[in-house]
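> The following comprises the amino acid sequence and a computationally predicted model.
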Amino acid sequence: MLVLLLNGGKSWAQGENDNWTFNFLYGINFGPLGSAFQSSSFRYFGGCSTISDAKGQLLFYTNGNMVWDREHNPMPTVCSTCDGKPALLSTGNGASRGVLIVQKPGSKSLYYIFTTDSQLNLLNGGLCYTEVDLSLRAGLGGVTAVRNVRLPTPALSSKVTEGVIGMQHANRRDVWVLVHGLGDNVFYSFAVTAAGVSTTPVASTSGSFSTNLSTMKFAPDGKRLVRCGLYMPVELFDFDAATGLVANAQVLDTDVTSYRIHDFEFSADATKLYQSQSRLGGPGVMRTDGFLYQYDLQAGATAAIRASKQLVYQSLATDESHLPPSALEIGPDGRIYIASSPFVDIIDRPNRRGAAINYRPVGLHYTYIGNVRGMSGNELQNVVRRQPPALDYMAEPVCAGGTLTLTPYEIPTGTGPLTWTFFDPLTNKVDSVQGVSVTRTFPVPGAYPVTLSTTSRGQYYRFRRTVLVSPLPPVALPDTVRLCQGSSLVLSVPTPPGTTVRWSDGSTAPSLQVATAGRYQVEVRNYQGCVSIGSTVAVTCYIPNIVTPNGDNNNEVFRLQGLEARQWDLELYNHWGRLIHRQSNYDNSWQASQQPNGTYYYRLRNPRTGQQLKGWVEVLR
């Protein structure tokens with residue numbers, strides 16, 4: 001049976017995942033215009049989780065120890081028996097993916113924060129959850145008396161590995177929260193429903209016995225999860241989102257002695273799996289070679305998937321400017337973001353194969369904190385994966401002015417004609433077109449609702465998501481600049497976080513000093529991968545350094561040559577710095593009337609371009 005979401009939102013639960021805050025005092029907003037912002041969370045390494053509302057407005061975030069509200073202040077405990085101090089949660093310091101925020105189904109104000117303990121605390125704390133109520137403190141929220149409640153795995157005293165992940169239930173309402181037992185091969189899935197958090201987990205026995213760490217990810221379609229740990233093989237499992245059961249372990253990688261696996265991520269269409277790893281070094285070795293691999297999950301049987309593994313990016317230990325890729329996370333825009341201190345790298349097209357993914361090793365720069373070079377624990381975002389609709393479609397990243405191709409991942413049998421309906425919020429115009437695959441050009445950045453509708457067995461269905469069109473970076477170079485009498489000038493472009501620049505001479509600084517005539521070009525790329533190109537022409541000009549108003553028709557006036565005089569404002573100063581003449585839109589008419597012979601100093605300014613020319617001129621009669 002074909003099931004589609006009626007009046008659905010963006011494929012990533014609308015805007016709930018539109019803000020990420022990291023443990024290094026930085027964050028990214030994934031709204032239509034995209035931006036970086038400063039957060040309050042600070043820890044050298046470990047997990048982090050952030051939640052926003054359906055419109056993409058930040059609600060709160062946590063690193064598993066502290067909780068911060070949307071104004072970036074510590075969230076206190078608020079209840080009749082609480083002390084009102086900032087709430088302290090039970091995540092062990094440095095627990096990898098050790099924290100996850102889950103909204104209580106059916107509630108607009110209640111959320112749960114799930115935490116696991118860390119190896120530094122010998123994993124004694126197990127799996128716990130804490131309740132946040134956003135109706136408290138005038139909407140800023142507070143932590144209630146339900147704090148650090150331990151869950152049985154299978155007993156209350158049982159230990160679990162570092163790492164907790166979440167997947168929406170097959171009913172598209174409830175949520176599964178999953179952890180792994182310590183020293184065994186048992187997964188525990190806890191159901192979060194409108195009644196609260198179940199204390200009776202669904203236990204699944206599958207795969208290898210665990211060590212202290214479980215690096216896990218759910219596929220976006222909710223049908224698979226991947227897992228490994230320290231000195232453990234990489235295993236791919238089937239997941240049943242209706243029952244919470246994990247089964248059918250497939251071993252993808254068994255090299256656990258030469259490499260440390262850092263993280264995994266799936267492409268948005270769940271056909272590709274990415275694995276970041278680094279070469280294990282000896283004691284005290286902080287920098288190692290780093291690698292990012294890709295598996296093709298459509299290759300066939302387990303052996304074929306294993307054989308499809310290919311290297312898509314490599315970072316060498318000798319590269320002082322860049323460290324190995326570690327944490328991976330798919331963003332609401334379909335790109336995969338990679339923590340690679342001191343940058344967040346970006347994969348623009350993760351659904352594709354090999355080099356076509358467009359890996360950019362210098363993406364969004366974040367604040368570098370402390371002497372922890374080589375640490376792989378800077379994580380990005382842990383979020384509940386949402387069940388996709390039965391008829392989802394691919395929409396790769398697009399920049400303003402670009403053309404986007406929209407294609408369903410697959411078309412269920414019995415589906416009627418597909419209708420694509422586009423709404424332009426700038427003009428309020430709606431238009432529709434039919435076809436399996438359609439293209440659309442978006443000239444202006446913004447959020448554009450696109451609805452895919454069809455019929456199946458006589459019933460009408462529709463699914464709506466929001467296509468994010470990223471802005472082009474601003475480049476405002478004048479058409480022409482003037483170089484007069486050996487002068488030079490500086491061309492510059494704005495460089496917000498994540499911007500990269502390349503001038504026509506190959507330099508990459510935000511500004512370029514120009515001293516010779518010619519054409520100069522700059523390519524500016526923002527962190528979304530959008531490119532703007534600007535150019536200017538530098539031409540020579542002549543400004544006289546003498547005026548002889550004696551009636552011989554030579555040098556009678558201060559005449560600009562090679563310049564459109566009326567595009568410039570003129571100021572003249574005498575030898576003592578006193579302003580003796582000012583004229584906007586200069587007309588080549590100054591002849592030192594009523595001024596004695598001597599040296600005068602000029603300043604010419606072009607109000608449109610901001611360029612200024614300064615020098616001196618001698619008056620001699």
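Right, received. Where do you want to start? Residues are numbered from 1 along each chain as shown.

> count of neighbours near residue 66?
Residue 66 has 18 neighbours, counted by other CB atoms under 10 Å. Every residue, glycine included, has its C-beta placed from N, CA and C.

> In the stretch 251-400 of the chain, where is pLDDT below threshold?
281-287, 320-322, 341-342, 362-378, 390 (pLDDT under 70).

> ok, which stretches of it are strands?
Counting by DSSP state E, counting those that start in this stretch, the stretch 251-400 of the chain has strands at residues 259-266, 272-279, 290-296, 310-315, 328-330, 336-340, 343-347, 359-365, 393-394, 398-399.

> other SSEs contacting the fourth one?
Other elements packing on strand 310-315 under the criterion 3 or more CB pairs under 8 Å, 6 or more residues apart in numbering; DSSP states H and E are strand 290-296, strand 359-365.

> Can you tell me which of these is packed in deepest?
Comparing those by mean neighbour count (mean count of other CB atoms under 10 Å), strand 290-296 comes out on top with a mean of 23.

> mind listing what that one pairs with, with the direction of each?
Within its sheet, strand 290-296 is paired with strand 272-279 (antiparallel), strand 310-315 (antiparallel), according to DSSP bridges.

> That one vs strand 259-266, what angle?
Relative orientation of strand 290-296 and strand 259-266, computed by axes from the mean of the first three to the mean of the last three CA atoms, to 10 degrees: 50 degrees.

> CA atoms only for strand 290-296, dumped as CSV, please.
Provided in CSV are the C-alpha atoms of strand 290-296 (Å, rounded to 0.1, in the frame of the first residue of the first chain):
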residue,chain,number,x,y,z
GLY,A,290,42.9,10.5,7.7
PHE,A,291,40.6,8.9,5.2
LEU,A,292,37.0,9.1,4.1
TYR,A,293,35.6,6.0,2.3
GLN,A,294,32.3,5.4,0.5
TYR,A,295,30.4,2.2,0.1
ASP,A,296,27.7,1.6,-2.6
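
> can you give me the offset of that strand from its chain's centre?
Strand 290-296 sits 20 Å away from the centroid of its parent chain (CA atoms, centre = their mean, to the nearest Å).

> out of the strands paired with strand 290-296, deepest packed?
Across the strands paired with strand 290-296, averaging neighbours per residue (mean count of other CB under 10 Å) puts strand 272-279 on top, at a mean of 23.

> Could you tell me the angle between it and strand 336-340?
10 degrees.

> which one is the residue nearest the centre of the chain nearest to, not counting chain neighbours?
Per CA atoms, centre = their mean, the C-alpha nearest to the average position across the chain is that of residue 28, at 5.4 Å. Excluding the flanking residues, the one nearest residue 28 by CB to CB, 6 or more residues apart in numbering is residue 20, at 5.0 Å.

> about what we covered before: for the strands paired with strand 290-296, which one sits closest to residue 620?
When the strands paired with strand 290-296 are compared by CB to CB, strand 310-315 sits nearest residue 620, at 66.4 Å.

> domains for the protein, by residue range?
With domains defined by automatic domain parsing, the chain comprises 19-365, 393-466, 480-540, 542-619.

> Number of residues surrounding residue 583?
Other residues near residue 583 come to 14 when the count uses other CB under 10 Å.

> Could you export the strands of the stretch 251-400 of the chain to JSON lines, including columns for distance to residue 124?
Formatted as JSON lines, the strands of the stretch 251-400 of the chain follow (distance: least, CB to CB, whole Å):
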{"stretch": "strand 259-266", "distance to residue 124": "24"}
{"stretch": "strand 272-279", "distance to residue 124": "29"}
{"stretch": "strand 290-296", "distance to residue 124": "32"}
{"stretch": "strand 310-315", "distance to residue 124": "36"}
{"stretch": "strand 328-330", "distance to residue 124": "28"}
{"stretch": "strand 336-340", "distance to residue 124": "28"}
{"stretch": "strand 343-347", "distance to residue 124": "33"}
{"stretch": "strand 359-365", "distance to residue 124": "37"}
{"stretch": "strand 393-394", "distance to residue 124": "45"}
{"stretch": "strand 398-399", "distance to residue 124": "49"}
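
> In this protein, where is pLDDT below threshold?
Those would be 1-14, 24-25, 42-45, 281-287, 320-322, 341-342, 362-378, 390, 456-459, 486, if you go by pLDDT under 70 across the chain.

> Do a quick rundown of the helices in it.
Assigned by DSSP state H, the chain shows helices spanning 302-307.

> ok so, going back, quick one: the residue nearest to the centre of the chain and residue 19 touch, right?
Yes. Between residue 28 and residue 19 there is a contact at 7.4 Å, judged by CB atoms under 8 Å.

> Distance from the chain centre to stretch 247-262, please.
Relative to where its chain is centred, stretch 247-262 has its mean C-alpha point 28 Å off (CA atoms, centre = their mean).

> Kindly report the same for stretch 355-364.
Relative to its parent chain, stretch 355-364 has a centroid offset of 12 Å by CA atoms, centre = their mean.

> Ok, stretch 477-491 next?
Stretch 477-491 has its C-alpha centroid displaced from the chain centroid by 37 Å (CA atoms, centre = their mean).

> That stretch: end-to-end distance?
Stretch 477-491 has an end-to-end distance of 7 Å (CA to CA, to the nearest Å).

> May I see the buried residues of that stretch?
Judged by neighbour count (16 or more other CB atoms under 10 Å), stretch 477-491 contains these buried residues: 477, 481, 482, 483, 484, 487, 489, 491.

> related to what we said a few turns ago, my guess is the residue nearest to residue 28 meets residue 49, correct?
No. Counting by CB under 8 Å, residue 20 does not reach residue 49; the two are 9.3 Å apart.

> intersection of neighbour lists for those two?
residue 381 (CB atoms under 8 Å, 6 or more residues apart in numbering).

> who does the residue nearest to residue 324 when sequence neighbours are not counted bridge with?
Nearest non-adjacent residue to residue 324, counting by CB to CB, 6+ apart: residue 290, 2.0 Å away. Bridge pairing for residue 290 (DSSP bridges) gives the partners residue 278, residue 315.

> I figured residue 290 hits residue 263, correct?
No. With contact defined as CB under 8 Å, residue 290 does not reach residue 263; the gap is 11.6 Å.

> residues shared between the contacts of those two?
Shared contacts of residue 290 and residue 263, counting by CB under 8 Å, 6+ apart, come down to 276, 326.

> State the pair within the buried residues of stretch 477-491 that is farthest apart.
Across these, the longest distance by CB to CB is 18.7 Å; it joins 477 and 484.

> Adding distance to residue 294, write the strands paired with strand 290-296 out as TSV.
Shown next, in TSV, are the strands paired with strand 290-296 (distance: least, CB to CB, whole Å):
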stretch	distance to residue 294
strand 272-279	6
strand 310-315	5
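
> Can you give me the neighbour number for residue 208?
By other CB under 10 Å, neighbour count at residue 208 equals 18.

> and if you look at residue 347?
Residue 347 has 30 nearby residues by other CB under 10 Å.

> gap between the nearest residue to it once chain neighbours are set aside and residue 330?
Spatial nearest neighbour of residue 347, chain neighbours left out: residue 336 (4.1 Å); criterion: CB to CB, 6+ apart. Distance of residue 336 to residue 330, given as CB to CB, to the nearest Å: 5 Å.

> what is in contact with those two at once?
265, 267, 350.

> quick one, what contacts residue 250?
Residue 250 is in contact with 235, 236, 237, 302, 305, counting by CB under 8 Å, 6+ apart.

> List the contacts of residue 392.
Contact partners of residue 392, counting by CB under 8 Å, 6+ apart, are 11, 408, 409, 463, 465.

> Quick check: it vs residue 258, distance?
Separation of residue 392 from residue 258 (CB to CB): 38 Å.

> same check, this time on residue 404
Going from residue 404 to residue 258 by CB to CB gives 42 Å.

> higher neighbour count, these two?
Each of residue 404 and residue 258 has its neighbours counted (other CB under 10 Å); residue 404 has more, 19 against 8.
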